[in-house]
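Engineer: This is the structure alone, sequence omitted:
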């Protein structure tokens, strides 16, 4: 498995950090040797819609290692406030590069 | 157009990147407790109509019985549907609109949602005016909380529908 993966950003819950139409390059090996940290922007598997990916910021790591996610644009984001924290295995990787038009 | 983004777009044409959603529910933030209140009014109205419906006596003709059955069936059907709509609308507010912060400010929300869903089920199962009125009352109280989270006061007024029950409306100025 190659470490880098590209994703296209849709919707605006991470605005203004990420806008629809941006590409992000994700490092899937980011958490092999270190744990996720609060403040990291990550791509995760949507716990509510199988096969869909979400991009959010980590705002909390519980003692059990669960990852709490929140969109930067809190008023327009569906995130851990609605669906709860996600397991570490749901995290695809850390956003490493943002490519903006 | 930045060069890196252009390269990414070329890559995307060859092998499209999956989308990562900075997801919001679409349409974002469009909620209103009025749907639940209206559906509850409809349930009240249907129970009123069922209770007002003249039951066919022993001497009723087959046509009169048929008419009674047809009317009763329609009222029951609409009562069932709208009790379910009221429950659905309450669940949408509960699951999608209200946030943990709201619950800290309005801890009574738990009980109100619970009351609305229980009364809604009872109003479906039975021809029970009290249950329908409890459902309406609960949706009204949820509306009070909803409008408070929007910084709006509410007024209680007699509904302009045949049910004429007390209803909570937002005060827009």
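Structural biologist: Received the coordinates, thanks. Nothing here was measured: the structure is a model prediction, and the numbers come from that model. Numbering: from 1, shown residues only, chains lettered A, B, ... in the order given.
Engineer: tell me the strands in the chain, going along the chain?
Structural biologist: If you meant another chain, say so; for now it's chain A. A:4-10, A:23-27, A:41-45, A:53-61, A:67-70, A:91-99 (DSSP state E).
Engineer: right idea, wrong chain: chain B
Structural biologist: B:19-21, B:154-158, B:166-170.
Engineer: what's the closest of these to chain A?
Structural biologist: Among the strands of chain B, strand B:19-21 comes nearest to chain A, with 3.8 Å by Cβ to the nearest Cβ. (Glycine included, C-beta is placed from N, CA and C.)
Engineer: Name the residues of chain A found near chain B, please.
Structural biologist: Residues of chain A that fall close to chain B, judged by Cβ under 8 Å from any Cβ of the partner chain: A:5-15, A:18, A:20, A:22-24, A:26, A:43, A:46, A:52-56, A:71, A:73, A:75-79, A:81-82, A:97, A:99-101.
Engineer: quick one: contacts for residue A:28?
Structural biologist: Residue A:28 sits next to A:1-5, A:92-93 when contact means Cβ atoms under 8 Å, 6 or more residues apart in numbering or on different chains.
Engineer: Are any of those residues buried, and if so which?
Structural biologist: Those of the contacts of residue A:28 that meet the buried threshold are A:5, A:92-93, by 16 or more other Cβ atoms under 10 Å in any protein chain shown.
Engineer: Including pLDDT, could the residues you listed go into TSV?
Structural biologist: Compiled in TSV, the buried ones among the contacts of residue A:28 are given as follows (pLDDT from 0 to 100):
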residue	pLDDT
A:5	90
A:92	94
A:93	94
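Engineer: Do I have it right that residue B:172 meets residue B:153?
Structural biologist: No. The pair residue B:172 / residue B:153 is not scored as a contact, 9.5 Å apart, by Cβ atoms under 8 Å.
Engineer: Low-confidence bits of chain B, can you list those?
Structural biologist: Scanning chain B for pLDDT under 70 picks out B:1, B:23-28, B:173.
Engineer: the longest helix in it is where?
Structural biologist: Ranked by residue count and defined by DSSP state H, the top helix of chain B is helix B:62-92.
Engineer: What is that one packed up against?
Structural biologist: Using 3 or more Cβ pairs under 8 Å, 6 or more residues apart in numbering or on different chains; DSSP states H and E, the elements in contact with helix B:62-92 are helix B:34-52, helix B:109-125, helix B:129-149.
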